[in-house]
Structure formats: structure tokens, C-alpha cells
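Undergrad: no FASTA, just this:
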């Protein structure tokens, strides 16, 4: 506690603490090891999560449904430009985690909302909590939308029958309710995020299987393709079929592009940025980490982002080199047009369903924590609140997925505003406001870098909203990916 007492004196010129002396949030969030007589920290929990489990949880938080659209993004940027953009976004995400951890280390707080409180008072706390809630609700909804539309197709394929309106197990609305009650809700009841490391590891293994299938299919699907009804066929089929097929072959259909610039190119930049949003989960994972240090948590962030970078790039390039110009916004749908009854693709669909289902509880934790900070600040852990908040959140998300037939535009607005805010704007502003001026003046290199980083976030936000508005104005059917 000595460090906080020393910092508290010179902190008043850059932040707005609520009261004099030791701020109440520090009392709740700092690890207490002095004599055991003090109240536990916010989580009522001494960090016990291992390095590996923390990597699994953070990687699972990064991994989103947007991976299915990365091949499409590459087809609109080219291989080299895509790699450059992906590398830049990954590096910026690592720097953003550095800013968060540095800010948390100065004031001894490991909660996104409490950093907002220390930086801008209660408006900052409310803003951070609302942004986290909106973004993660959008993420959970996108995962359940995949379950809603993909699970009936998987069941139909495995049963080998045509769906009937009277078959309840073919109704996606019923299926998401069953999946929520039987799988997601029990996992969301875990007291600590660290316990989900095992399910996160299994979820990641499902996505590794997805990547393996993408690589395998690259060498088993010839190019060019021909569309025949709802199927795609290669040109090695008989000429009697090709007479009724709609051929999409051009001279450059099967030629890989290294640089491509079109009206979709700039639209894919936000997609890549959204693919690395994990910042609401960073500080909760840091709180539950065994032997937590800034360097150790930064290494966890770097390893997780590097792993996802490799998985994203290989998924994108092998998917793109399979279909080239025929790559669609949803990669699994493109494979289904080749052979809807392909056993491997059906297994991949099932693996993706398992992966997104097991990711929902991980994404729910930061929302619950944000709501607890807003509604019950300073209250000790209570099981009834823990259960009720999770149940209400899952009920609202299920209702949203069931009642709204197409929420692409809603997700687009939320993603275009919350993702740049969580990655760029808030970490940069927190760093500028929280790190004392006597340690780093405003004209110091770290503060200037943080200011430029924040400005970049506003640029991303403006650009994303501009493309969405152009989408609405032109009426074109574009697909904005993300978590």
C-alpha cells in the first residue's frame, strides 16, 4: 500500500479521485497480503490461474466469428496488403494492452471501469461500462446467430432428412434456447474466469481443426469452379453438365492477387481491427493470474495475439487460395456450395459451433463485472447477484437473436463505435490521464505516442461509420465482420 500512498499525492493533477486518502476502488482491487485481516480484493480471490490457462482464455476472447470472413477480406486486399494490415493491427493491439497494464500498474487497479473512474470520474466509469456491455452483447449475439443458422443445417445433414416446419429440433430459435440453458448458462455460473481455461482450450482446438480442414481442402478443390444450382463443380466434370452450369470462369479467376484496391478494400480494414478486440477481458484475466506482474501479463497478451495472428493469416490465405475471386463473405458457406454433404465440412461446422458456444461465457464475464461495478459498487461477492445478472444477460441476448431477423446494421454501428473505443481511444486516454505528469510530462514520447494512438482510434471510428452509411445509401449487401 506504500506505493499507492506515494502516488496518490502527485496524482491529483492528472486524474480526479473520488475522495482524499486511498481511493475506495484501490481498497477493493489491490491484492491484500499484509496480515490477512483486510477485506479481500474485488474478486474475493487470490490469483491461481496458470500462465497456460490465461493464454487460452485471452486467445478465446480474441478468436471471434470474424475468422470466417478473413479469406473474403484477403480477396479484397491481396495477400501482401492483407499481411501488412494484419501485422499492423496485431502490433497495435499489443501496444494497447501495454497502455492498459501501465495505467493499471500506476494506480493498482485491475478493472476497466475503475480506470475510467480514476481518469474521468463517474462519467468515465459509466462510459467504460456501457461500451463494454454493448460490445460484448453484440459479440454474444453474433455467436448465437451462428448457432441459430448453422446448427439446424448440421442436424439436418446428420439425420439425412429434409427439414419440416413441425420439427422443433430444426427450429433455430428453440435450439439457441436449449444450448443456452444446457451449456452456456452452467459455464457462466463459474465464480472465476480462470476456471474456463479448460473450455477455452477445447474451443481453440476446435478452431485449429477448422484451420486444418481449410488447409486440407486447398489441395482437394480444383480451380476454376462452376456453379450448378446450389452446387459448385470444377471443370473436370463432364461436358453434359457444363452445358447447364453457370460458369464464372475468367482469365484471372484462379490467379492470386498480391495487391488489390477496390471499394471493398477500405471496408475490410475495420474487420481486421475488430478481429483482435479482447481488451475488456485483459484486466479480469490479469486479476486472476498466478504471480501477476505487468511483464507476465504482457507476455500472455503477446503470445495470445501472436497465436491468433498465425491462425488468422493461415485461415485467410488457404481459404483465399482455394476459391480466389469466388471467395464469399462466409467461408463455410463457400465450402457447402462445393458439396453440401461433405462429411469433413459438416464436422468443421460442428467444431465452429462448439467453439463459438464455449466462447460466450468468457465474453459474458466482463459484462457482469461492469454491471456489478455500476449497480453494486463496493459490495462483496454474492451468488444470487452472480446468477441473476448472468440469467438476465443471456435472456436479453436470446431475445435479441430470436426477435431481430437481421441485426447486421445494428452490429455494424456497435462494432464501428465500441471496437475502436476499446482498442485505441480509452487505453490511450487512460494512459494520458492516469500516469502522473511528474513521471511522464505531456510532451514526453510515451504521452505523444498515446495521443497519436487515440487519434488513430477516432480515424478508425469515422472511417467505419462512413462505410456503413455508404452501405445504407447504396443499398449494397456488404458484410461487416467482427467478434
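TA: That came in fine, so what should we check first? Note that the coordinates shown come from a computational prediction; the quantities given were computed from them, not determined experimentally.

Undergrad: for the stretch 351-483 of the chain, what are the low-confidence residue spans?
TA: The stretch 351-483 of the chain contains residues with pLDDT under 70 at 405-412, 415, 471, 475-483.

Undergrad: quick one: the helices in it?
TA: Secondary structure of the stretch 351-483 of the chain (DSSP state H, counting those that start in this stretch): helices at 383-403, 408-420, 426-434, 445-474.

Undergrad: quick one, which of those is nearest to residue 124?
TA: Among the helices of the stretch 351-483 of the chain, helix 426-434 comes nearest to residue 124, with 8.4 Å by Cβ to Cβ. C-beta here means a position set from N, CA and C on the backbone, and glycine is covered the same way.

Undergrad: Show residues contacting the closest one.
TA: Helix 426-434 has contacts (Cβ atoms under 8 Å, 6 or more residues apart in numbering) with 11, 14-15, 96-97, 99-100, 102-103, 106-107, 112, 115-116, 118-120, 128, 131, 279, 442, 446-447, 450-451, 453-454, 457.

Undergrad: Just the buried ones from those?
TA: 11, 14-15, 96-97, 99-100, 102-103, 106-107, 112, 115-116, 118-120, 128, 131, 279, 446-447, 450, 453-454, 457 (16 or more other Cβ atoms under 10 Å).

Undergrad: per-residue confidence at residue 95?
TA: The score at residue 95 is 94. That number is its pLDDT.

Undergrad: does residue 109 count as helix, strand or coil?
TA: coil (DSSP: H, G, I helix; E, B strand; the rest coil).

Undergrad: Residue ranges in the stretch 1-150 of the chain under the pLDDT threshold?
TA: Counting by pLDDT under 70, the stretch 1-150 of the chain has low-confidence residues at 1-47, 65.

Undergrad: Which parts of it are helices?
TA: With DSSP H, counting those that start in this stretch as the criterion, the stretch 1-150 of the chain has helices spanning 2-9, 24-29, 51-62, 70-75, 79-107, 112-159.

Undergrad: Take the ones you listed and write them to JSON lines, including distance to residue 202.
TA: Output for the helices of the stretch 1-150 of the chain, formatted as JSON lines (distance: least, Cβ to Cβ, whole Å):
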{"stretch": "helix 2-9", "distance to residue 202": "39"}
{"stretch": "helix 24-29", "distance to residue 202": "31"}
{"stretch": "helix 51-62", "distance to residue 202": "9"}
{"stretch": "helix 70-75", "distance to residue 202": "22"}
{"stretch": "helix 79-107", "distance to residue 202": "24"}
{"stretch": "helix 112-159", "distance to residue 202": "15"}
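
Undergrad: between these, which one is nearest to residue 323?
TA: Set against residue 323 and scored by Cβ to Cβ, the helices of the stretch 1-150 of the chain come closest in helix 70-75, at 7.3 Å.

Undergrad: tell me how far that closest one is from the chain's mean position?
TA: The gap between where helix 70-75 is centred and where its chain is centred comes out at 18 Å by Cα atoms, centre = their mean, to the nearest Å.

Undergrad: cool, stretch 464-476 as well?
TA: 23 Å.

Undergrad: Same check on stretch 288-303?
TA: 19 Å.

Undergrad: ok so residue 307 is a strand residue?
TA: No: read with three-state DSSP, residue 307 is helix and lies in no strand.

Undergrad: For the remainder of this discussion, apply numbering that starts at 54.
TA: Done: numbering now begins at 54, and the last item shifts to residue 360.

Undergrad: How about the contacts made by it?
TA: Contacts of residue 360 by Cβ under 8 Å, 6+ apart are 108, 112.

Undergrad: Then the one 10 residues further on?
TA: If a contact means Cβ under 8 Å, 6+ apart, then residue 370 has 124, 127, 132 as its contacts.

Undergrad: how much space between the nearest residue to residue 315 once chain neighbours are set aside and residue 373?
TA: Of all residues not flanking residue 315 in the chain, residue 129 sits nearest, at 6.1 Å (Cβ to Cβ, 6 or more residues apart in numbering). To residue 373, residue 129 is 10 Å away according to Cβ to Cβ, to the nearest Å.

Undergrad: Between these two, point out the one with more neighbours.
TA: Neighbours per residue, other Cβ atoms under 10 Å: of residue 129 and residue 373, the larger number sits with residue 373, 27 against 21.

Undergrad: Closest to residue 392 out of the contacts of residue 370?
TA: When the contacts of residue 370 are ranked by distance to residue 392 (Cβ to Cβ), residue 124 comes first, at 18.0 Å.

Undergrad: Just give me the neighbour total for the closest one.
TA: 26.

Undergrad: thought it was touching residue 384?
TA: Yes: the criterion here is Cβ atoms under 8 Å, and residue 124 meets it with residue 384 at 5.2 Å.

Undergrad: Need the overlap of contacts for the two.
TA: With Cβ under 8 Å, 6+ apart, residue 124 and residue 384 have common neighbours 368, 372.

Undergrad: before we move on, back to that, would you check that the residue nearest to residue 315 makes contact with residue 321?
TA: Yes: applying Cβ under 8 Å as the test, residue 129 and residue 321 come out as touching, 5.3 Å apart.

Undergrad: And the helices in the stretch 254-403 of the chain?
TA: Applying DSSP H, counting those that start in this stretch to the stretch 254-403 of the chain gives helices spanning 292-295, 318-327, 332-340, 347-376, 384-391, 396-428.

Undergrad: for the third one, packing partners?
TA: Meaning helix 332-340. Helices and strands touching helix 332-340, by 3 or more Cβ pairs under 8 Å, 6 or more residues apart in numbering; DSSP states H and E, are helix 104-115, helix 132-160, helix 165-212, helix 347-376, helix 396-428.

Undergrad: repeat for the second one
TA: Contacts of helix 318-327 with other secondary structure elements, assessed using 3+ Cβ pairs under 8 Å, 6+ apart, are made with helix 123-128, helix 132-160, helix 461-473, helix 498-527.

Undergrad: Helix 347-376 and that helix, what's the angle between them?
TA: 140 degrees (axes from the mean of the first three to the mean of the last three Cα atoms, to 10 degrees).
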